[in-house]
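S.K.: Here you go, sequence then predicted model.
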Amino acid sequence: MNLKEGSILYVRIDYKTGDKEETQQDALDSMEYLQRIAQERYLLAGIFGNMEMENMDGAMILFEAKDFEEAQRIANNDPLIKREFYRCEVHQWNLMILSEVPTNKYYPRAQ
């Protein structure tokens, strides 16, 4: 996908539903699902929390879909959502500002 100002993407924000803990297999099933989706379209995914401390309480996924209904289907078919470890909200996200790759010390330009 060629992102530009005015592009429309969708954001899925996940919230932990309670004390029920997913297994490693549940997490792997979700990763496999998201990797499959990422092969078909633009997708970024990450978690909220500290992975080193195993203190994770949600996630955010930014992805491409043809419309809101497709975005909802993609979000709701993730195993972690289907198995009710997390609930999610889906929002249309309108790209307003797109920066060039920064060249400061925190984000050195790739060689």
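M.R.: Perfect, thanks for sending it. Residues are numbered from 1 along each chain as shown.
S.K.: Give the pairing partners of the helix or strand hosting Y10; include direction for each.
M.R.: Assessed by DSSP states H and E, Y10 sits inside strand 8-16. Taking DSSP bridges as the criterion, strand 8-16 forms sheet pairs with strand 55-63 (antiparallel), strand 86-94 (antiparallel).
S.K.: After the helix ranked longest in the chain, which helix or strand is next?
M.R.: For the chain, the helix that runs over the most residues, judged by DSSP state H, is helix 24-40. Counting by DSSP H and E, the next helix or strand C-terminal to helix 24-40 is strand 43-50.
S.K.: Give me the sheet partners of that next one and which way each runs.
M.R.: strand 55-63 (antiparallel).
S.K.: Just the CA coordinates for the strand it pairs with, please, in CSV.
M.R.: Included here for strand 55-63 are C-alpha records, laid out as CSV according to Å, rounded to 0.1, in the frame of the first residue of the first chain:
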residue,chain,number,x,y,z
ASN,A,55,2.3,-7.2,31.8
MET,A,56,0.2,-6.9,28.7
ASP,A,57,-3.3,-5.6,28.8
GLY,A,58,-4.3,-4.8,25.2
ALA,A,59,-3.2,-4.3,21.7
MET,A,60,-3.7,-2.0,18.7
ILE,A,61,-3.7,-3.1,15.0
LEU,A,62,-3.7,-0.6,12.1
PHE,A,63,-4.8,-2.2,8.9
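S.K.: so what does the following helix or strand past it touch, helix or strand wise?
M.R.: Per DSSP H and E, the first helix or strand lying C-terminal to strand 55-63 is helix 68-76. The elements that helix 68-76 packs onto, with contact taken as 3 or more Cβ pairs under 8 Å, 6 or more residues apart in numbering; DSSP states H and E, are strand 8-16, strand 55-63, strand 86-94. All C-beta spots, glycine's among them, are computed from the backbone N, C-alpha and C.
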